[in-house]
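Engineer: Take this sequence and fold it.
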Amino acid sequence: MRFAQVRLLVRDFDACFRFYRDVMHFPVTFGGEGEEYADFDAGEVTLALFPRDLMTQSIGAGNVVDA
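Structural biologist: Numbers count the residues shown, from 1 in each chain. Next up is the predicted model:
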């Protein structure tokens with residue numbers, strides 16, 4: 001078994017996208033700024049970004065508690 005992907009549910013997709021692309025210098029392998037999903041090559045794993053509100057809608061959880 002191998003750990004292959006981490007998906008982050010983010011509030012500000014574009015800001016997070018720019019951070020991982022411009023500050024962390026992770027190569028973008030899918031998606032882009034202004035979109036709703038992106039993958040980055042983070043070495044041995046893929047780092048994925050997805051807007052938190054869209055995940056909430058897709059799973060039907062109207063009241064997600066902040067941790």
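
Engineer: and the spatially most central residue of the chain, what is it in contact with?
Structural biologist: Residue closest to the average C-alpha location in the chain (C-alpha atoms, centre = their mean): residue 49, at 0.8 Å. Going by C-beta atoms under 8 Å, 6 or more residues apart in numbering, residue 49 touches 7-8, 10, 13, 16-17, 20, 31, 37-38, 40. For glycine as for every other residue, the C-beta is placed from the backbone atoms N, C-alpha and C.

Engineer: Find the residue closest to residue 38 in space, skipping its chain neighbours.
Structural biologist: Of all residues not flanking residue 38 in the chain, residue 31 sits nearest, at 3.3 Å (C-beta to C-beta, 6 or more residues apart in numbering).

Engineer: any idea how far the one you found lies from residue 23?
Structural biologist: 17 Å (C-beta to C-beta, to the nearest Å).

Engineer: Among those two, which residue is more densely surrounded?
Structural biologist: residue 31 (17 against 8; other C-beta atoms under 10 Å).

Engineer: Now do the same for the more buried one: its pLDDT.
Structural biologist: With respect to pLDDT, residue 31 scores 97.

Engineer: so what's it up against?
Structural biologist: Residue 31 touches 17, 37-39, 49, counting by C-beta under 8 Å, 6+ apart.

Engineer: Perfect, that will be all.
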